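[1] pasted the sequence and its predicted model underneath.
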Amino acid sequence: MTTTTTDSTPVLKEMSFLDRWLPVWILLAMAVGLLLGNFVPGLNTALEAVKIGEVSLPIAIGLLVMMYPVLAKVRYDETQRVTGDRKLLVLSLVLNWVAGPAFMFALAWIFLADLPEFRTGLIIVGLARCIAMVFIWNDLACGDREAAAVLVAINSVFQVVAFGALGWFYLQVLPSWLGLPTTSADFSVWAIVLSVLVFLGIPLLAGFLTRTFGEKAKGRQWYEEKFLPKIGPWALYGLLFTIVLLFSFQGEAIISQPIDVVRIAVPLLLYFVLMFSVSLLVSRAAGLNYAKSTTVAFTASGNNFELAIAVAIGTFGVTSGQALAGVVGPLIEVPVLVGLVYVALWAGRKLFPNDPTVPTHANGARP
C-alpha cells in the first residue's frame, strides 16, 4: 500500500466519522456487553446454544462480517512481492513464533507466579497468534494489506502445526528446565484447524472471489472507488457486534472478579505495548518501510483470543481460571491496539521520513 498524495492534512482529521471515534464506539460496545451479561438472564445460554467448535455461532458471524470487507480490499495479484521479501517473512516468523510466546511466558511467571490457572491461561494466549482482528488494526493504520494477508496465512499454518508442540514446550519442558512447576494440557488439533478454517479460510476465499469477479465484471477502478467504500464500514460494524457479544458472554465473570482481572491485565498491557513497539522499531532497523513495519508490528502484537478461549474452555472448562485469562485478553487487547493504531499514525512521519507509504491523507491511503 502506498500513499501518493501530497496533502498535508493530518490523517486522523480526515478519517471518516466512524473511524475517528472508533475508541469511543469500542468502549461503548464493551460497556453494553458487560451490562447485557450482568442484567439479561439466560443470555450466556442463548449464545452458547449453537457453536462452531467451541465458539458461539453469533460471535463467529460477527468475526466473519468483520474480516470480509478487509480481505476484499487485498490486491491478491500483488501478494507475490510479499512472498519474495525474505527479510519481511523471516522477521515476522521470529517475532511471532519465538519472541512473542517467550515474552508472554516470562510475563506470566513474573506477574502470576502464585496463580497457576491464570498463568497457564496467559501462556496459552501468547501461543495463539492473531488471524482476525489484526486486519482491522492494520487497515486503520494504513499498513500493507497484501503483506498482512500473507503473514496471517503463514501464521495460520504455523498455528495448526506448532500450537500443540509449543504448548507442551512452554507448559512442561521449559518450566521443568527452570525448576518451575509444570502444567499438563492436551490441545485439540481439530479445534485449532477449525478456528483457522472458519475465521480465516471463509473470509479469505470470499474476499478473493469478490475481487476476482468484481474486477473482471467492472474493472479495478469501479471495484476500489465504488464497491469497496460501500462494504468497508461493515468491518467495523462486525467488530463492534463481536465486542458486544464477547463481553456479554463473560460480563459476570469480569465484574465479579475485578482484582483477578487487574492482575491478568497488567502483563497483557505490557505485552501488547512492548511487542508492538519493539516490532515496529526492529522492522524499521531492518530496512522495511512504514506500511510493512506497521503490518509486522500488528501481526506480532495481536493474539487470536477466539482460539485461546476455545482451547482454554475445551481443556480446562468454561469456569476455569485459564478461561478467564483468555476472556481478559480482548478486554485489554482491543482498546490497547486501537490506541496503537493512533500511535502508528502519529509516529509514522517521525520514524519514516520521506517514506511514500506513510499516510498523510486518509482518503489517499485507504481507498
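    Perfect, I can see it now.

[2] ok, Y76 - contacts?
    Applying CB atoms under 8 Å, 6 or more residues apart in numbering, we find Y76 in contact with 146, 149, 208, 211-212. In short, each C-beta sits where N, CA and C put it, glycine included.

[3] A113: what secondary structure?
    coil (DSSP: H, G, I helix; E, B strand; the rest coil).

[4] can you get me a residue count around it?
    Residues lying near A113 (other CB atoms under 10 Å) number 11.

[5] can you check A49 too?
    Around A49 there are 10 residues (other CB under 10 Å).

[6] quick one: contacts for it?
    A49 neighbours (CB under 8 Å, 6+ apart): none.

[7] residue boundaries of the helices in the stretch 251-367 of the chain?
    Using DSSP state H, counting those that start in this stretch, the helices of the stretch 251-367 of the chain run over residues 251-256, 258-285, 290-301, 305-316, 321-351, 362-365.

[8] picking up where we left off before, mark which of the contacts of Y76 are part of helices, please.
    Of those, the ones assigned to helices by DSSP state H are 146, 149, 208, 211-212.

[9] from those residues, list the buried ones, please.
    146, 149, 211 (16 or more other CB atoms under 10 Å).

[10] the second one and K73, how far apart?
    This points to A149. Distance, A149 to K73, by CB to CB, to the nearest Å: 10 Å.

[11] likewise for the last one?
    Remark: distance between R211 and K73 (CB to CB) = 8 Å.

[12] show the pLDDT at K13.
    What the model reports for K13 is a pLDDT of 53.

[13] with the one 4 residues further on instead?
    Listed pLDDT for F17 reads 65.

[14] how about N363?
    pLDDT, N363: 38.

[15] also L204?
    Value listed for L204 in the pLDDT field: 83.

[16] helix or strand: which one has the closest residue to it other than its chain neighbours?
    Leaving aside its sequence neighbours, L204 sits nearest to L71 (CB to CB, 6 or more residues apart in numbering; 5.5 Å). Element membership for L71 (DSSP states H and E) is helix 57-72.

[17] ok but V82 is inside a helix, no?
    Yes: looking at V82 with three-state DSSP, it is inside a helix.

[18] that one touches A147, doesn't it?
    Yes: applying CB atoms under 8 Å, one finds V82 in contact with A147, separated by 4.7 Å.

[19] which one's more surrounded, the two?
    Shown here are V82 and A147; by other CB under 10 Å, A147 has more neighbours (29 against 20).

[20] who touches that one in this structure?
    82, 85, 88, 291-292, 295-296 are the contacts of A147 under CB under 8 Å, 6+ apart.

[21] between the residues you listed, which has the most around it?
    Neighbour max across these (other CB under 10 Å) = T295, 34 neighbours.

[22] if you count neighbours, what's buried in stretch 214-229?
    Neighbour-count burial for stretch 214-229 [16+ other CB under 10 Å]: 214-215, 223-224, 227-228.

[23] now that stretch: how far from the chain's centre is it?
    27 Å (CA atoms, centre = their mean, to the nearest Å).

[24] mean confidence for that stretch?
    91.

[25] which residues does it contact?
    Under CB under 8 Å, 6+ apart, the answer for stretch 214-229 is 69, 72-73, 211, 367.

[26] measure it end to end?
    14 Å (CA to CA, to the nearest Å).

[27] what packs against the helix holding L71?
    Other helices and strands packing on helix 57-72, by 3 or more CB pairs under 8 Å, 6 or more residues apart in numbering; DSSP states H and E, are helix 134-140, helix 202-218, helix 228-231, helix 233-249.

[28] return the most buried member of these.
    helix 134-140 (a mean of 27; mean count of other CB atoms under 10 Å).

[29] what helices and strands are in contact with that helix?
    Short answer (3+ CB pairs under 8 Å, 6+ apart): helix 134-140 packs on helix 57-72, helix 145-168, helix 233-249, helix 290-301, helix 321-351.

[30] what helices and strands are in contact with the last one?
    So the one you mean is helix 321-351. helix 22-39, helix 116-127, helix 134-140, helix 233-249, helix 251-256, helix 258-285, helix 290-301, helix 305-316.

[31] and what of the shortest one?
    Here helix 290-301 touches helix 86-94, helix 134-140, helix 145-168, helix 258-285, helix 321-351, going by 3+ CB pairs under 8 Å, 6+ apart.

[32] report how many residues lie close to the residue nearest to R284 when sequence neighbours are not counted.
    Residue nearest to R284 in three dimensions, not counting chain neighbours: S293, with 5.3 Å by CB to CB, 6+ apart. The number of residues packed near S293 is 30, by other CB under 10 Å.

[33] now do the helix holding L71, average pLDDT.
    pLDDT averaged over helix 57-72 gives 83.

[34] quick one, it and helix 202-218 angle?
    On the basis of axes from the mean of the first three to the mean of the last three CA atoms, to 10 degrees, helix 57-72 is oriented at 40 degrees to helix 202-218.

[35] report the distance from helix 57-72 to the chain centre.
    On CA atoms, centre = their mean, the centre of helix 57-72 falls 13 Å from that of its chain.

[36] which outside residues touch it?
    With CB under 8 Å, 6+ apart, helix 57-72 has contacts from 47, 50-52, 132-133, 135-136, 139, 145, 149, 198-200, 202-204, 206-208, 210-211, 228, 231-239, 241-242, 245-246, 249, 306.
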